[in-house]
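Fold the following and give me the result.
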Amino acid sequence: MTSPHLLTYRGETNTITGWGKKVGIRPAVIYMRLGQGWTIARALTTPVRPRGPNVKAAPPIMSGIKAFERDHLAMKRQLNRTLRLFIRQTERQMAELGRDLGRTLAAQIDLHALMGRGVVSFVPEKTNDRASPVTRDFS
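Next comes the predicted model:
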């Protein structure tokens, strides 16, 4: 049978289990802390951080700043992706409009060429298809 580990702190000697009950820290945590080289005073007085899925410790200011920087960079990357997508779509639309304009201009050039060869008759801009005005004398 092994003897229990006794610790002396502030003039009081107790087992690790006894100290754990007294300070509210599980004995396994005290064993782990001492095994990592913590002093007895530090192992018995440092509170245990809450763990678990529903427990969150209040973030220190530096982690808040780092989270802000991380979120800022993520938003900046998203904005860049959105802008690049918008530019690509605009370039595609402009290219399509350019092709349509090119086809329209080519069709007009072909029409003018046909008109120049007499294939299409020339229609003057102003035509006078009405009879000449008649003056009436009502005297």
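
just checking, what packs against the one helix or strand residue 64 maps to?
Taking DSSP states H and E as the criterion, residue 64 maps to helix 61-116. Contact here means 3 or more Cβ pairs under 8 Å, 6 or more residues apart in numbering; DSSP states H and E; on that basis helix 61-116 packs against no helix or strand. (Each C-beta comes from the backbone N, C-alpha and C, glycine too.)

Over to residue 13. Which of the three states is it?
Assigned state for residue 13: strand (three-state reduction, DSSP: H, G, I helix; E, B strand; the rest coil).

For it, give the beta-bridge partners.
Judged by DSSP bridges, the bridge partners of residue 13 are residue 8.

how close does it sit to residue 22?
Residue 13 is 12 Å from residue 22, where distance means Cβ to Cβ, to the nearest Å.

Please apply the same query to residue 97.
Residue 97 is 81 Å from residue 22, by Cβ to Cβ.

for residue 48, same thing?
Using Cβ to Cβ, we find residue 48 at a distance of 14 Å from residue 22.

now do residue 101
From residue 101 to residue 22 the distance is 87 Å (Cβ to Cβ).

Also residue 92?
According to Cβ to Cβ, residue 92 stands 74 Å off from residue 22.
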